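Q: What follows is a predicted structure for the sequence shown.
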Amino acid sequence: MARTATAPGAPTTKLGHTAAELDDRLVVSGWLRRTMNKVYPDHWSFLLGEIALYSFIVLLLSGTYLTFFFDASMREVAYAGSYAPLRGVNMSAAYDSALRLSFDVRGGLFMRQLHHWAALLFVSSIVVHLLRIFFTGAFRRPRETNWMIGVVMLVLALLMGVTGYSLPDDLLSGTGLRIISAILLSIPVIGTWAHFAVFNGDYVGEQIIGRFYIAHVLLIPAILLALIAVHLIVLVKQKHTQFPGPGRTEHNVVGNRLFPTFATKATGLVFVVFGVCAALGGLVQINPIWLWGPYNPAQVSAASQPDWYIGFLDGSTRLFPAWDIHIGHSYTIPALFWPTVVIAGAMFTMLAVYPIIERKLTGDTASHHLLQRPRDVPVRTALGAMALTFYVVLWMSGGNDVIAAKFDISLNAMTWVGRIGMLVLPPIAYVFTYRYCLGLQQHDREVLEHGIETGVIRRLPNGEFIEVHQPLGPVDSHGHGQLAYGGAPVPKKMNQIGGGRRAIRGFFSPSEEPAQVELEQRAEGRGLSAAESERELTSSGRPAEGGRPSDGGRPQEPRD
Amino acid sequence: MTTRDTRPGSTGGADTAGQFHGGPDDDYTPEQLAAMSRDDLDRLGARYDGVEVMHVDPGPEPGSALERRAVRQIGLVFGLAGLCAFGFVVIYVGSGWFLPSWQWTLTGSGWSALFTPLLGALFGAAMLLVGVGLVLYTKKLLPHETAVQDKHDASHFDRVTAGATIVRTAHNSGLARRKMITRSLAFMGGGLGLMLIMPLGGLIKNPNKGNPLGTTQWAKGVRLVRNDGSPIRPEDQLPGSLETVFPAVPDGNRQADAATMLIRLRPEQVAKDQPRPGQAGFGYGDYVAFSKICTHAGCPVSLYEQETSRILCPCHQSQFDVTQGAKPVFGPASRPLPQLPITVDNEGYFVARSDYIEAVGPTYWNRKRI
């Protein structure tokens, strides 16, 4: 039916007309409504992945700016820019342009540092996001694919970092490049061929900066962008996981609709991420390349460190003993091969296939949309703690010379600490975490059974002292709570179940009338029975209170 | 909407419902929708998308003290953000115009030292404040609603019907029977795939041609010169000293593998010196020369501790003992630093007697073969 101006519901405003014209042509309103109505769970840990995404956007913007000035060439030039101490020094065009970009481009140094900080934030947020996914079991079916895509993106992010910080061709990045060359050479059988393919000949040649540059600004970002798109499409398709709580099931998502709440908060986060990167980029110096000087294969500075995310590889390389494997009289597998290619490869492969391993070991092949608390899966949590300990030992060993120098410890002793630590500490972490998880589980059960410790001590007529416990729900004839554990946090303090009233709002002076608040709160009732009667169930059997995180500690419905 | 198209079958582009047309437009007439409130329409649409709004915590009462306060706060935050942003613009544009120049100065102080931090602080503050303002707005002024959306498992109907379409098409194509086509397709796919990656062969270079990894610029009679190009006589260096030397060839100090450490041993070091087997005559008097490129990962080993005769690589802490033919004594390196055979030419300057007799730098697969 043709729409006429007088039809009911026809647009009356100019904006409405525009929208209608648009929809006539594109037929987008149905899609738009579905998108705006999509529900997102409201929990801070779900923002970690977003931080990674937004810092990637910051990286794309600032990186594009940097390409306007950077010259990825190893042609030798004499520096003639405004940084006086290096004037007249011969250097590659790459280093020369990186210096000019820092000293002769208005705001260039700010942009370069912003880019570097955003890169650190990018990798950090990916790692923390990954830990959240791991420890809450969000990688379980049906999300194994997205987990693997995530691991691939982490590896690509590391490659982004390595190719990026090699570009300025200063003394520090040149030393890193030399180690990359040695790692390539160490690969058995094809090592020298791989090296000659990447470097176009013996180290260092004249191509490598240009090749790293195109990988850094085009190849890897393009793959990353494509993978991010797939990651997000799969995420939207599968919908979010959520923590267990009132009204939350395997078949729903409880939270905020995209529009306006989630969209506004997400937009806010974009600005916060951008702002943090910018503030760091201006205020906190990072990689002052002009201090290192141009690369010279005969020079190196002590305590040279890569960016933090490569530190674990540096550490494993320092710790691994000098075990060359000789095959016959003519061939060698260099010791360097194991700590760099094999250990790193094994770590990321294990990470990528972990969902499959867990599925095989536990036999749990069901789809899961409710997250687990780490304490409820002690084996996985302990495995994670073990892997993390291994990683941290390697990472700290990457700076063991700095630790040795600062704390006046023997460098060789630090190496042995790392060598023994990487073998001994992970199992200890496993046992400790496992027991700790069991302890936490026990305490949850104890509170459910006996109630919360009130801190009120009562003396019985027979002289015995007891502490009064506040049960969380109905109790049986022995006074034991009948609530079952539902995978959600159990309140452990009286304040979490309304034992204390909320404070009067206002930072310096009260912004509301204390007497009025007092009256309101009296009317609201207090304690468990009041909360219980308030909890009306809707027709679909869900409690009316949807469970925003602020309600996390409130007593919950019995669940099983 | 008007049209002059009067051909039969054309109604001027307006949509006439077809036979299978359905959906919400059939259930709700425009009149019915027009009679509903905005809130009801919102809920109705949400329900169509499987979303139920369970609970709404309305924002502060319009005109209440709480609302006025929140509005003031958020307004202030956005205002400050704008102020910072304009501040950024003023500093960016004004430096070198009505403000001092932002260019780097030798003293490293004054406006040029403040320029980048100010840009960062203002840019960062502006962005952060916008973010904070938006979050405050959702927290303090927007109603808080809690919504529940249903998740649907994969539909059996969809699966079966889609599968039927695919399998039917595959069946009708007859590829299972027409073996000739499948085989030629596989052959073509393999060929095309190979053809497409073939140009990458341009990257391949033979590392074994001319032994580039096993040779350096050193050769018989090439002088050992310092970084500035000056040659060295045996009396120039003090006992216990280390000098980085390069071959006296054009750009010798830029070669990646040629850097060499010329070390003059102290008398007590000479006393306990144990060169590697067959390399006893490689030194000259109390002088020995070792490659500076670490045999582990190729970093220049640079830190010489003469008390213990050890050379330390700062990258991975391999340690080499110069009195034992630069044998690795700690850390991840497995090979000694190669020793350069040296002597003195007839003018009294140090020269190499030959190139290194083994490959310098990191170990690789067929190092011993060459």
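A: Cool, got the structure.
Q: wait, isn't A:V198 in contact with A:V204?
A: No. Using Cβ atoms under 8 Å as the test, A:V198 is too far from A:V204 to be in contact (11.3 Å). No exception for glycine: its C-beta is placed from N, CA and C like everyone else's.
Q: Comparing the two, which shows the higher neighbour count?
A: A:V204 (22 against 18; other Cβ atoms under 10 Å in any protein chain shown).
Q: Which residue is the nearest non-sequential neighbour of the more buried one?
A: B:A256 (5.1 Å; Cβ to Cβ, 6 or more residues apart in numbering or on different chains).
Q: Let's verify that neighbour: helix, strand, or coil?
A: Under DSSP: H, G, I helix; E, B strand; the rest coil, the three-state class of B:A256 is coil.
Q: what's the answer for A:R248, then?
A: Quick answer, by three-state DSSP: A:R248 is coil.
Q: That one and A:F70: what is the separation?
A: Distance from A:R248 to A:F70, counting by Cβ to Cβ, to the nearest Å: 50 Å.
Q: The two: which has the busier surroundings?
A: A:R248 (25 against 21).
Q: Centre of the chain to stretch A:474-482, how far?
A: 43 Å (Cα atoms, centre = their mean, to the nearest Å).
Q: Mind listing residues that contact it?
A: Outside of stretch A:474-482, the residues within contact range by Cβ atoms under 8 Å, 6 or more residues apart in numbering or on different chains are A:448-451, A:471-473, A:483, A:558.
Q: Out of these, who's the most crowded?
A: Neighbour-wise, the contacts of stretch A:474-482 (other Cβ under 10 Å) top out at A:L472, 23 neighbours.
Q: surely that one meets A:V447?
A: Yes. With contact defined as Cβ under 8 Å, A:L472 reaches A:V447; the gap is 7.0 Å.
Q: Mutual contacts of the two, please.
A: A:490-491.
Q: what distance separates stretch A:150-170 from the middle of the whole chain?
A: 17 Å.
Q: scratch that, stretch B:36-53
A: With Cα atoms, centre = their mean as the basis, stretch B:36-53 stands 47 Å off its chain's centre.
Q: do it and chain A meet?
A: Yes. Applying Cβ under 8 Å from any Cβ of the partner chain, one finds stretch B:36-53 touching chain A at B:45-46, B:48-49, B:51-53.
Q: so what's the closest residue to chain B within chain A up against?
A: Going by Cβ to the nearest Cβ, chain B is nearest to A:G282 of chain A, at 0.9 Å. By Cβ under 8 Å, 6+ apart, the residues touching A:G282 are A:110, A:113-114, B:116-121, B:123-124.
Q: Could you provide those residues in JSON lines, with additional columns for secondary structure and neighbour count?
A: Listed next are those as JSON lines, based on DSSP: H, G, I helix; E, B strand; the rest coil; neighbours: other Cβ atoms under 10 Å in any protein chain shown:
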{"residue": "A:F110", "secondary structure": "helix", "neighbour count": "25"}
{"residue": "A:Q113", "secondary structure": "helix", "neighbour count": "25"}
{"residue": "A:L114", "secondary structure": "helix", "neighbour count": "30"}
{"residue": "B:T116", "secondary structure": "helix", "neighbour count": "22"}
{"residue": "B:P117", "secondary structure": "helix", "neighbour count": "16"}
{"residue": "B:L118", "secondary structure": "helix", "neighbour count": "21"}
{"residue": "B:L119", "secondary structure": "helix", "neighbour count": "26"}
{"residue": "B:G120", "secondary structure": "helix", "neighbour count": "25"}
{"residue": "B:A121", "secondary structure": "helix", "neighbour count": "19"}
{"residue": "B:F123", "secondary structure": "helix", "neighbour count": "26"}
{"residue": "B:G124", "secondary structure": "helix", "neighbour count": "24"}
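Q: Out of these, the closest to A:F243 would be?
A: B:G124 (32.5 Å; Cβ to Cβ).
Q: Which residue is the nearest non-sequential neighbour of the closest one?
A: That would be A:A279: by Cβ to Cβ, 6+ apart, it lies 2.7 Å from B:G124.
Q: Which of the helices or strands spans that neighbour?
A: In the assignment (DSSP states H and E), A:A279 maps to helix A:263-283.
Q: Please work out the average pLDDT along that helix.
A: Averaging pLDDT along helix A:263-283 gives 97.
Q: Give the next helix or strand downstream of that helix.
A: helix A:289-292.
Q: in that next one, what counts as buried?
A: By neighbour count with 16 or more other Cβ atoms under 10 Å in any protein chain shown, helix A:289-292 contains the buried residues A:289-290, A:292.
Q: Tell me how many other residues surround residue 41.
A: You didn't pick a chain, so chain A it is. For A:P41, using other Cβ under 10 Å, the count is 22.
Q: was after chain B, sorry
A: B:L41: 14 neighbours (other Cβ under 10 Å).
Q: circling back to that earlier point, take the residues of stretch B:36-53 next to chain A and keep only those in strands.
A: Among those, DSSP state E puts B:51-53 in strands.
Q: quick one: which of the residues you listed is nearest B:I197?
A: Of those, the one sitting nearest to B:I197 (Cβ to Cβ) turns out to be B:V51, at 48.3 Å.
Q: coming back round to it: buried residues in the helix holding A:A279, which are they?
A: A:263-283.
Q: Restrict that helix to CA atoms and write it as CSV.
A: In CSV, the C-alpha atoms belonging to helix A:263-283 read as follows (Å, rounded to 0.1, in the frame of the first residue of the first chain):
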residue,chain,number,x,y,z
ALA,A,263,26.2,2.2,23.1
THR,A,264,26.8,5.3,25.3
LYS,A,265,29.0,3.4,27.7
ALA,A,266,31.0,1.8,24.8
THR,A,267,31.4,5.2,23.2
GLY,A,268,32.6,6.5,26.5
LEU,A,269,35.1,3.7,26.7
VAL,A,270,36.5,4.6,23.2
PHE,A,271,37.2,8.1,24.4
VAL,A,272,38.7,6.9,27.7
VAL,A,273,41.1,4.5,25.8
PHE,A,274,42.0,7.2,23.4
GLY,A,275,42.5,9.6,26.2
VAL,A,276,44.7,7.3,28.3
CYS,A,277,46.9,6.5,25.2
ALA,A,278,47.2,10.3,24.4
ALA,A,279,48.0,11.3,28.0
LEU,A,280,50.7,8.6,28.2
GLY,A,281,52.0,9.5,24.8
GLY,A,282,52.5,13.1,25.8
LEU,A,283,53.5,12.8,29.4
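Q: starting at the chain centroid, how far to it?
A: 16 Å.
Q: low-confidence ranges in the stretch 201-350 of chain B?
A: Judged against pLDDT under 70, the stretch 201-350 of chain B has no low-scoring part.
Q: Quick one: name the residues of it near chain A.
A: B:203-208, B:212-213, B:227, B:244, B:246, B:253-257, B:259, B:292-293, B:296-300, B:302-303, B:312, B:314-319, B:328, B:330-335.
Q: Among the residues you listed, which are located in helices?
A: Among those, no member falls in helices (DSSP state H).
Q: Those, buried ones only, as a PyMOL selection?
A: In PyMOL, this line selects whichever of these come out buried by 16+ other Cβ under 10 Å:
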select buried, chain B and resi 205+207+212+213+244+246+253+254+255+256+257+259+292+293+296+297+298+299+300+302+312+314+315+316+317+318+319+328+330+331+332+333+334+335
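Q: out of the residues of the stretch 201-350 of chain B next to chain A, which are inside strands?
A: Those of these lying in strands (DSSP E): B:244, B:246, B:303, B:312, B:319, B:328, B:330.
Q: Which pair of those residues spans the longest distance?
A: B:F246 and B:F330 (27.9 Å).
Q: residue contacts, A:S173?
A: Residues near A:S173 by Cβ under 8 Å, 6+ apart: A:165-167, A:289, A:295.
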